[in-house]
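Enquirer: 3D model of this:
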Amino acid sequence: MLVKVFGSAVFGVDATTITVEVNIDKGIGYHLVGLPDSAIKESSYRIAAALKNNQYHFPGKKITINMAPADLRKEGSAYDLTIAVGILAASSQIKADEIGNYIIMGELSLDGSLQPIKGALSIAIKAKEEGFKGILLPIQNVKEAAIVEGIDVYGIENVVEVIDFFNGKGNLEPTTIDSDIEFSKTLDFPEFDFSDVKGQESIKRCMEIAAAGGHNIILIGPPGAGKTMLAKRLPSILPPMTMQEALETTKIHSVAGKVKESGLLTQRPFRSPHHSASSVSLVGGGSYPQPGEISLAHNGVLFLDELPEFKREVLEVMRQPLEDREVTISRAKFTITYPSSFMLVASMNPSPGGYFNDPNTPVTSSPMEMQRYLSKISGPLLDRIDIHIEVTPVPFEKLSDTRKAESSKSIRERVTNARLIQAKRFVEFNHIHYNAQMSSKLIREYCVLDEVSLQLLKTAMERLNLSARAYDRILKVSRTIADLEYSENIQSHHIAEAIQYRSLDREGWLG
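Expert: Residues are numbered from 1 along each chain as shown. Sure, this is the predicted structure:
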């Protein structure tokens with residue numbers, strides 16, 4: 001008897017429906033075709049034990065299983081339940097009438113219980129697009145899949161529940177989640193709040209500008225000045241995610257197996273990889289392609305602490321994703337594109353000893369050592385960072401001040417208002433939502449300068465020997481500063497403030 005069951009494979013962040021054809025005939029043997037990997041080939045042992053331990057039998061006949069399309073490589077153990085249901089239906093142990101209306105996925109344990117899978121949200125989205133009635137998957141994945149409306153999502157704990165479901169005996173109910181309620185759970189009292197930061201008012205101002213325009217920022221200062229403390233608090237002032245952003249972010253984390261039982265991700269991600277990270281862990285890829293840290297930080301913050309300690313080749317792979325806001329992994333057999341629209345926040349000491357340019361501490365590093373240290377960060381990478389700011393140690397008077405500083409909630413209100421102005425400005429552009437994403441054409445259209453501002457910028461360009469990219473970055477930052485002040489036009493003081501945020505372009509830093 002021939003039966004067709006449907007599963008799903010995830011490539012990049014999108015799913016592809018897989019048809020599992022199971023044919024049982026006279027003879028003996030188990031034949032699995034359609035480019036399965038070792039984990040799928042081993043599924044027969046898990047399936048046989050799971051069925052036997054639940055009083056069902058694995059047919060002792062010739063079983064041929066084809067996974068179509070046959071030229072697409074299938075990977076992982078998530079097809080266990082798909083194949084098991086196909087074998088049960090082909091051997092008439094369960095009714096096959098409704099099987100074709102559902103996507104069935106899950107990894108089987110030997111006792112018949114199910115282990116979670118990756119990419120449940122992508123699978124559910126694809127199932128809805130292709131008109132399936134529902135999806136059956138492990139109960140651990142049910143919250144993320146149930147985000148998709150218009151399709152029945154059933155959480156399964158044991159293979160017996162699936163058998164009873166198709167035989168009409170079970171009492172399985174589809175899981176429903178109110179996305180609006182999940183999405184409205186905003187973090188008004190974050191774990192890391194700017195009210196905890198003493199002093200550093202100028203740095204908070206920079207952080208506000210960076211958050212308002214989505215600008216990349218680098219903090220330079222001696223140990224203990226508060227660089228990491230400030231960076232960890234940046235997500236608390238970013239505007240709440242839109243539903244579209246939340247779905248995009250959840251899909252990436254689902255593919256990477258990071259969602260677990262949390263369902264929809266409503267808080268912007270904050271990723272902080274160690275400086276021993278490899279290029280592949282940062283941008284993604286590998287023999288079994290997975291999104292890297294820059295994609296897991298999509299719509300959030302990627303924090304690189306002690307930037308010069310990262311290997312130079314690791315940092316250089318971020319050049320293209322920082323510009324294009326997506327990363328394409330190309331191999332001989334596949335090409336995958338992951339979204340990577342993130343805010344880069346980096347921190348660094350100004351020298352190996354950490355105290356270069358600190359008037360209160362003697363310089364312990366030679367000029368050659370400092371040059372070698374700073375040269376680990378290339379000029380093209382620094383050009384892609386809009387704001388460079390020096391962080392100085394906080395004096396005792398401010399550290400001992402018991403008054404509370406401004407909270408993240410009030411700063412976030414200003415940031416959100418500025419983002420609303422930008423959203424209205426770029427309403428006609430699908431992939432542009434804030435100032436940092438502006439192209440050169442849009443910069444010329446929305447960053448028009450008066451004569452005074454133009455002359456000020458020209459002087460800065462000549463004295464600091466800035467590149468054309470740095471010129472664009474200054475205009476983007478000045479546009480954000482103007483938005484924070486609800487100013488329709490960029491004024492000279494907006495340009496002057498934006499020029500101040502190019503510390504590493506000044507003499508004394510890089511040569």
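Enquirer: Please name every helix or strand in contact with the strand ranked longest in the chain.
Expert: Counting by DSSP state E, the longest strand found in the chain is strand 14-25. Contacts defined by 3 or more Cβ pairs under 8 Å, 6 or more residues apart in numbering; DSSP states H and E place strand 14-25 against strand 2-11, strand 62-68, helix 80-90, helix 120-129. To be clear about C-beta, it is placed using only N, CA and C from the backbone, and glycine gets the same treatment.
Enquirer: Could I get the buried residue list for it?
Expert: 14-15, 17-24 (16 or more other Cβ atoms under 10 Å).
Enquirer: what does stretch 239-248 rub up against?
Expert: Contact with stretch 239-248 is made by 121, 147, 179, 183, 186, 211, 249, 264-268, 298-299, 339, 412, 415-416, 419, as judged by Cβ atoms under 8 Å, 6 or more residues apart in numbering.
Enquirer: Now intersect those with the strands, please.
Expert: residue 339.
Enquirer: Give the PyMOL command for selecting the buried subset of the contacts of stretch 239-248.
Expert: Listed next is the PyMOL selection for buried residues among the contacts of stretch 239-248, using 16+ other Cβ under 10 Å:
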select buried, resi 121+147+179+183+211+249+264+265+266+267+268+298+299+339+412+415+419
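Enquirer: Show me where this protein dips below the pLDDT cut-off.
Expert: 179-190, 260-262, 353-365, 396, 399-400, 503-511 (pLDDT under 70).
Enquirer: what residues go with each domain of it?
Expert: If you go by automatic domain parsing, the domain ranges for the chain are 2-177, 194-505.
Enquirer: Tell me which of the helices and strands packed on strand 14-25 is the most buried.
Expert: The highest mean neighbour count among the helices and strands packed on strand 14-25, using mean count of other Cβ atoms under 10 Å, belongs to helix 80-90: a mean of 27.
Enquirer: tell me what the helix or strand just after that helix is packed against?
Expert: Going down the chain from helix 80-90, the next helix or strand is strand 102-104, by DSSP states H and E. Contacts defined by 3+ Cβ pairs under 8 Å, 6+ apart place strand 102-104 against strand 2-11, helix 80-90, strand 134-138.
Enquirer: Helix or strand next in line after strand 102-104, which one?
Expert: Following strand 102-104 in sequence, per DSSP H and E, is strand 107-108.
Enquirer: From the rest of the structure, what touches that next one?
Expert: Applying Cβ under 8 Å, 6+ apart, the set of residues contacting strand 107-108 from outside is 43, 46-47, 50, 76-78, 80-81, 84, 114-117, 138, 159.
Enquirer: Show me which of these is closest to residue 392.
Expert: Among those, residue 116 lies closest to residue 392 (Cβ to Cβ), at 47.7 Å.
Enquirer: three-state assignment of the residue nearest to the closest one when sequence neighbours are not counted?
Expert: Sequence neighbours aside, residue 140 is the residue nearest to residue 116 in space, at 3.9 Å (criterion: Cβ to Cβ, 6 or more residues apart in numbering). When classified by DSSP: H, G, I helix; E, B strand; the rest coil, residue 140 comes out as helix.
Enquirer: what does the one 4 residues further on give?
Expert: Here residue 144 takes the helix state, with states given by three-state DSSP.
Enquirer: Just confirm it contacts residue 120, I think it does.
Expert: Yes - in this structure, residue 144 is within contact of residue 120 by Cβ atoms under 8 Å, at 5.1 Å.
Enquirer: what do those two both touch?
Expert: Common neighbours of residue 144 and residue 120, counting by Cβ under 8 Å, 6+ apart, are 254, 259.
Enquirer: Partner strands of the longest strand of the chain, with direction?
Expert: strand 2-11 (antiparallel), strand 62-68 (antiparallel) (DSSP bridges).
Enquirer: so which of those strands gets nearest residue 442?
Expert: Nearest to residue 442, of all the strands paired with strand 14-25, is strand 2-11, at 32.6 Å by Cβ to Cβ.
Enquirer: Now residue 496, what are its backbone angles?
Expert: Reported as degrees, to the nearest 10, the phi and psi values for residue 496 are phi -60, psi -40.
Enquirer: Helix, strand, or coil at the closest residue to it other than its chain neighbours?
Expert: In space, and not counting its chain neighbours, residue 496 is closest to residue 456: 6.3 Å by Cβ to Cβ, 6+ apart. Secondary structure, three-state DSSP: residue 456 is helix.
Enquirer: tally of neighbours for the closest residue to residue 416 other than its chain neighbours?
Expert: Excluding the flanking residues, the one nearest residue 416 by Cβ to Cβ, 6+ apart is residue 239, at 4.2 Å. Counted with other Cβ atoms under 10 Å, residues neighbouring residue 239 total 20.
Enquirer: tell me the SS of residue 239?
Expert: Under three-state DSSP, residue 239 comes out as coil.
Enquirer: so where does the closest residue to residue 277 other than its chain neighbours fall, helix or strand?
Expert: Spatial nearest neighbour of residue 277, excluding adjacent residues (Cβ to Cβ, 6+ apart): residue 314 at 6.3 Å. According to DSSP H and E, residue 314 maps onto helix 312-316.
Enquirer: Would you mark the buried spots in that helix?
Expert: 314-315.
Enquirer: need the contact list for the residue nearest the centre of the chain.
Expert: Centre of the chain computed as the mean C-alpha position; nearest residue by Cα atoms, centre = their mean is residue 296, 2.5 Å away. Counting by Cβ under 8 Å, 6+ apart, residue 296 makes contact with 252-253, 256, 258, 269, 271.
Enquirer: Tell me which of those residues fall in strands.
Expert: residue 271.
Enquirer: Can I have the buried ones of the contacts of residue 296 as a PyMOL selection?
Expert: In PyMOL, a selection of the buried entries from these looks like this (16+ other Cβ under 10 Å):
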select buried, resi 252+253+256+269+271
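Enquirer: Pipe the contacts of residue 296 into CSV and attach distance to residue 442 per row.
Expert: Listed next are those as CSV, based on distance: Cβ to Cβ, whole Å:
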residue, distance to residue 442
252, 26
253, 30
256, 32
258, 34
269, 27
271, 28
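Enquirer: Just give me the closest of the contacts of residue 296 to residue 235.
Expert: residue 269 (8.1 Å).
Enquirer: Go ahead and confirm the closest one touches residue 295.
Expert: No - using Cβ under 8 Å, residue 269 makes no contact with residue 295, being 9.9 Å away.
Enquirer: Output stretch 419-431 as PDB, nothing but the C-alphas.
Expert: Extracted C-alpha coordinates of stretch 419-431, given in PDB (Å, rounded to 0.1, in the frame of the first residue of the first chain):
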ATOM      1  CA  ARG A 419      11.500  56.800  14.900                       C
ATOM      2  CA  LEU A 420       7.900  57.700  14.100                       C
ATOM      3  CA  ILE A 421       9.100  60.800  12.200                       C
ATOM      4  CA  GLN A 422      11.500  58.600  10.300                       C
ATOM      5  CA  ALA A 423       8.800  55.900   9.600                       C
ATOM      6  CA  LYS A 424       6.600  58.600   8.100                       C
ATOM      7  CA  ARG A 425       9.500  60.000   6.000                       C
ATOM      8  CA  PHE A 426      10.300  56.600   4.600                       C
ATOM      9  CA  VAL A 427       6.800  55.200   4.300                       C
ATOM     10  CA  GLU A 428       7.100  54.700   0.500                       C
ATOM     11  CA  PHE A 429      10.300  52.500   0.900                       C
ATOM     12  CA  ASN A 430       9.700  48.900   2.000                       C
ATOM     13  CA  HIS A 431      13.200  48.200   3.400                       C
END
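Enquirer: And it, how far out from the chain middle?
Expert: How far stretch 419-431 lies from its chain's middle: 22 Å, per Cα atoms, centre = their mean, to the nearest Å.
Enquirer: Fine by me, thanks again.
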